[in-house]
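Enquirer: 3D model of this:
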Amino acid sequence: MDSSWEDIEEVYGERVEAAFSAAQRLLGNGAAAFVQEFYQHLLEEDRARTILGRLDRTAFEALQRNQERYLQMLISPALELAQHVMHARTVGRIHALYGVENTLLADAYSLYHSRAARLLREHGTPDREVDSVLYHLSRRLALGKLCTA
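Expert: Coordinates of the predicted model:
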């Protein structure tokens, strides 16, 4: 296993349980609102609007529900690397089929990060805890890119 995979393994298991337990309480309870805001912002972006515009209402609602589950998975203290890799590869194939470019994914990851930061801070989460959650969340989001590159 090369060093990039070894580094990414650090964001699973007991080492991150406390950070993601806190995140799960705040972000997990607001997953639907988080995802709705996430897609509202994405729809302001021409490239994302073009791709998402290909979906009918039912498919778009299913996408939002899947995104809620993805957020729940990302912040789960119990998430394991193998499970995450399998999910990331599946999602990567779907993104490729719909023509989602890496730059758009990078923008979406950044949006995820900023929305999570805002939500955590709005709930008065101490800065040290916010920083820990965001660091580990960013590392988990990066896995998606590693698996689809």
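Enquirer: hey, where'd the helices end up in the chain?
Expert: 3-8, 17-23, 29, 31-42, 46-52, 57-74, 81-98, 102-122, 127-148 (DSSP state H).
Enquirer: where in this structure is pLDDT low?
Expert: Under the criterion pLDDT under 70, the flagged ranges of the chain are 1-9, 144-149.
Enquirer: again, only using 90
Expert: When the per-residue scores of the chain are filtered using pLDDT under 90, the ranges that remain are 1-34, 45, 70-72, 74-75, 77-78, 80-82, 84-85, 87-130, 132-149.
Enquirer: Now do the end-to-end distance for stretch 50-66.
Expert: Separation of the first and last residues of stretch 50-66 by C-alpha to C-alpha, to the nearest Å is 19 Å.
Enquirer: Mean neighbour count added to the helices of the chain, as a markdown table?
Expert: The way it works is simple: take the backbone N, C-alpha and C, and place the C-beta from them, glycine included. Conversion of the helices of the chain to a markdown table gives the following (neighbours: other C-beta atoms under 10 Å):
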| stretch | mean neighbour count |
| --- | --- |
| helix 3-8 | 11 |
| helix 17-23 | 19 |
| helix 29 | 12 |
| helix 31-42 | 16 |
| helix 46-52 | 14 |
| helix 57-74 | 15 |
| helix 81-98 | 14 |
| helix 102-122 | 16 |
| helix 127-148 | 17 |
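Enquirer: List the contacts of residue 138.
Expert: Taking C-beta atoms under 8 Å, 6 or more residues apart in numbering as the criterion, residue 138 is in contact with 109, 113.
Enquirer: now with 6 Å?
Expert: Applying C-beta atoms under 6 Å, 6 or more residues apart in numbering, we find residue 138 in contact with residue 113.
Enquirer: Could you do residue 130 as well?
Expert: 120, 121.
Enquirer: at 10 Å instead, please
Expert: The contact partners of residue 130, taken as C-beta atoms under 10 Å, 6 or more residues apart in numbering, are 19, 22, 23, 26, 116, 117, 118, 119, 120, 121, 123, 124.
Enquirer: how near is it to residue 28?
Expert: Spatial separation of residue 130 from residue 28 under the definition C-beta to C-beta, to the nearest Å is 16 Å.
Enquirer: This completes my enquiry, with thanks.
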